[in-house]
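J.: Have a look; sequence and predicted model below, questions after that.
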Amino acid sequence: MRVVIAEDSVLLREGVARLLADGGIETVAAVGDGPGLVAAVEEHEPDLAVVDVRMPPSHTDEGLRAALAVRASRPGFPILVFSQYVEERYALDLIGEGAAAVGYLLKERVADVSDFLDAVRRVAGGETVIDPELVTQLLGRRRRGEPLDALTPREREVLGLMAEGRSNLAIASRLSVTAGAVEKHISGIFLKLGLEPAPEDHRRVLAVLAYLGRA
Amino acid sequence: MTGVAAAPRQERRPLRERVPLGPYGPLGLFVDPRTWRAVPYLLIVMCWGAACTALVVAGTAVSLALTVVWIGFPMLAVVMIVWRGAAMLERRLLRLAFGVSIPDPYAPLTRRRPLGWPRVVIRDRATWKDFCYLALLFPLGTAEFVTLVILGNTTSRLLLTPVDLARHGYAWPLPELDHEVRGTAAALAWAVAGLGVFVVTMYVVRGFALAHAWWGAFMLGTGEKERLVARAAHLRASRARAVDAAEAERRRIERDLHDGAQQRLLAVAMELGRAQVKIDEDPAAAKEMIASAHAGARAAIAELRDLARGIYPAILTDRGLDAALSHLAARAPIPVDVSVEIRDRPPAAVESIAYFIVSESLANMAKHARAERASVVVCREGERVVVEVRDNGVGGAVPTPGGGLAGLADRAATIDGTLTVLSPPGGPTLIRADLPCEW
């Protein structure tokens, strides 16, 4: 797999490159700003881009805007975005209309090497990866008297894992239940929230996040 | 090294407070320069008042009479400008004579529209208060002048009685009394009376000075309302600057944390994560990673320590300004003399602002001034703490908006203090902060 890294801190740029190298993933270019990312993707045609939200010159959401620009010209291009803070707005902007091959993680997740490499592979494979912190935040923001209150604790757990982009199998192994039980929970959740059942994982993430992100 | 060495300051009580009967007794008045400063003004005030009164009364009358032909209007404008000028001169004279500082109270003339100036001048209350003051200056000045001359003349005649007696064999201390003095004892008694009149004269001079200064401040100064309006505007501006300064500071701290310690700690965590994966299959490589993580953690600690010091130096809380400034001086690349001459510790906000003014000034100096020596003086002047940072470098420091010096001025403004930068091209540089504080 070939990857482009966009990150302004030299320290982290090299660190991420080493992590990827440990996992047998080749870094073809490492850039320090938004325009650099767009150019590097054009030039190297990588399989995935790892992008920091905050980059020069504005030090705000430069990286996110560059990522959106890349996605606009190449729909479905796999991008994994790292952010210092959990910002719903960033995540929902990024996911936009298609959650396929998108990841949004807190920067500190790179410290868990195997999780990080797993996330990289999943996004490159077209799946969705959403930071658990963001999901917690979205779930926690709910007000009383909403359909979410009707969910059982186990269903809420499943909903959270779904929102993170986990597949049925991954959810089942995480909760130590059978895949059949997970499917049952999921159809219960969709029924209670009034959502159309979606067969593909990333469509399902989109539906769940759209539901949670609705203010 | 002239100009850089810290001059020792001593608080010395003035002479008038050390003579018998205190500063307001006859001796105290006699040695007080304020008594003697007032005399020249009281001697010229009649002539000066005549000129002023003639100008405003006659000038205005003639101009008004001439308004039937158009020349009256520009003439009135000129007369107005001249009387405002005379009032400005009078303010300075009052300051010289009585030591009262009366700032010019005029509404500002906006530079862009000279055609609107006459309107502003005419609507300005200060213009008309000037008029009244100047119109009354001649009678007032005449009363003061005549009183002073009579008293002075009487004093000198009485004091000279023994001399007259010695020279002519007789003396007429006061011709008005038609009393001839022939005995030495009587002459000496008259001289003693002369001393009494002299004392009365001094009290009268000081009384005139006090009354005239009060009257001048009332008529030529800013009215209470104008003063409060100006004060409110000043406070509003300084509050806005304080809020901006605090915001800028928070942004800087966030940026420093984000770019510095946070990144370093993340890198440490990454190295440790890699080591965790490698430790079984390749212990040597894992060991290297742990060593690199260790170095990274130490760098992060150092960075956090510097950042914390930049936010608030602990030594300032613990030991006060003297210790904190000595610490700063020790870290400076050139020799810095530090002299802190305040006995009681000022309020924490003042200490902190003084500290950051010195810190930023020394940092600027190290970067730009090419100085060989510097000095830092902190002392107390009345209710204020004065901070002075000097260097003998190349000068040319200018506060630019958003720059370090402007930030210091903003910081000083938060407690109503002022920052003055004197830095002519070629040097030397003096940065002075006046920080008011209530003890």
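T.: Perfect, I can see it now.
J.: make it CA atoms for all contacts and neighbour counts henceforth
T.: Fine.
J.: Please spell out which residues along stretch B:146-162 are buried.
T.: B:147-148, B:151-152, B:154-162 (16 or more other Cα atoms under 10 Å in any protein chain shown).
J.: need the residues of chain B near chain A, please.
T.: Proximity of chain B to chain A, by Cα under 8 Å from any Cα of the partner chain, involves residues B:259, B:263, B:264, B:266, B:267, B:269, B:270, B:271, B:272, B:273, B:274, B:277.
J.: Chain A: which of the buried residues of stretch B:146-162 is nearest?
T.: Of all the buried residues of stretch B:146-162, chain A sits closest to residue B:148, with 74.0 Å by Cα to the nearest Cα.
J.: Quick check: which element contains the closest one?
T.: Using DSSP states H and E, residue B:148 maps to helix B:125-159.
J.: Next SSE downstream of that helix?
T.: Next in line after helix B:125-159, if elements are assigned by DSSP H and E, sits helix B:161-168.
J.: Please state the offset of whichever helix or strand comes after that following helix from the chain centre?
T.: Counting by DSSP H and E, the next helix or strand C-terminal to helix B:161-168 is helix B:184-220. Counting by Cα atoms, centre = their mean, to the nearest Å, helix B:184-220 is centred 32 Å from the centre of its parent chain.
J.: helices or strands up against whatever helix or strand comes next after helix B:184-220?
T.: Downstream of helix B:184-220, the next assigned helix or strand under DSSP H and E is helix B:224-257. Helices and strands touching helix B:224-257, by 3 or more Cα pairs under 8 Å, 6 or more residues apart in numbering or on different chains; DSSP states H and E, are helix B:283-311, helix B:404-413.
J.: for the last one, packing partners?
T.: So that's helix B:404-413. Contact here means 3+ Cα pairs under 8 Å, 6+ apart; on that basis helix B:404-413 packs against helix B:224-257, helix B:348-364, strand B:418-422.
J.: Rebuild those as a markdown table, extending it with mean pLDDT and mean neighbour count.
T.: Output for the helices and strands packed on helix B:404-413, formatted as a markdown table (pLDDT from 0 to 100; neighbours: other Cα atoms under 10 Å in any protein chain shown):
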| stretch | mean pLDDT | mean neighbour count |
| --- | --- | --- |
| helix B:224-257 | 84 | 14 |
| helix B:348-364 | 90 | 20 |
| strand B:418-422 | 89 | 18 |
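J.: Distance to residue B:303 for the ones you listed - can I get that in a markdown table?
T.: As requested, the helices and strands packed on helix B:404-413 are arranged in a markdown table below (distance: least, Cα to Cα, whole Å):
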| stretch | distance to residue B:303 |
| --- | --- |
| helix B:224-257 | 9 |
| helix B:348-364 | 18 |
| strand B:418-422 | 31 |
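J.: May I see the ChimeraX selection of the buried members of the residues of chain B next to chain A?
T.: In ChimeraX syntax, the buried subset of those is picked out as below (16+ other Cα under 10 Å):
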select /B:263,264,266,267,269,270,271,272,273,274
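J.: quick one: which of the helices and strands packed on helix B:404-413 is nearest residue A:206?
T.: Of all the helices and strands packed on helix B:404-413, helix B:224-257 sits nearest to residue A:206, with 32.8 Å by Cα to Cα.
J.: ok, the residue in chain A positioned nearest to chain B to residue B:35 distance?
T.: Nearest to chain B in chain A, going by Cα to the nearest Cα, is residue A:111, at a distance of 4.3 Å. Distance, residue A:111 to residue B:35, using Cα to Cα, to the nearest Å: 81 Å.
J.: give me the low-pLDDT residue ranges for the stretch 201-350 of chain B?
T.: The stretch 201-350 of chain B contains no residues with pLDDT under 70.
J.: got the contact list for the worst-scoring helix or strand of chain A on mean pLDDT?
T.: The weakest-scoring helix or strand in chain A, judged by mean pLDDT, DSSP states H and E, is helix A:201-213 (a mean of 74). With Cα atoms under 8 Å, 6 or more residues apart in numbering or on different chains as the test, helix A:201-213 has contacts from A:88, A:92, A:95, A:97-100, A:127-128, A:138-139, A:159, A:162-167, A:195, A:197-198.
J.: For the residue of the stretch 201-350 of chain B found nearest chain A, what is the enclosing helix or strand?
T.: As assessed by Cα to the nearest Cα, chain A sits closest to residue B:270 within the stretch 201-350 of chain B, at 4.3 Å. Per DSSP H and E: residue B:270 is located in helix B:263-278.
J.: Return that helix as PDB; C-alpha atoms alone will do.
T.: Provided in PDB are the C-alpha atoms of helix B:263-278 (Å, rounded to 0.1, in the frame of the first residue of the first chain):
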ATOM      1  CA  GLN B 263       3.300  17.100  19.700                       C
ATOM      2  CA  ARG B 264       6.300  15.900  21.600                       C
ATOM      3  CA  LEU B 265       4.200  13.800  23.900                       C
ATOM      4  CA  LEU B 266       2.400  12.300  21.000                       C
ATOM      5  CA  ALA B 267       5.700  11.400  19.400                       C
ATOM      6  CA  VAL B 268       6.700   9.800  22.700                       C
ATOM      7  CA  ALA B 269       3.500   7.800  22.800                       C
ATOM      8  CA  MET B 270       4.100   6.700  19.200                       C
ATOM      9  CA  GLU B 271       7.600   5.500  19.900                       C
ATOM     10  CA  LEU B 272       6.400   3.600  23.000                       C
ATOM     11  CA  GLY B 273       3.600   2.100  20.900                       C
ATOM     12  CA  ARG B 274       6.100   0.900  18.400                       C
ATOM     13  CA  ALA B 275       8.400  -0.500  21.100                       C
ATOM     14  CA  GLN B 276       5.500  -2.400  22.600                       C
ATOM     15  CA  VAL B 277       4.900  -4.100  19.300                       C
ATOM     16  CA  LYS B 278       8.600  -4.900  18.700                       C
END
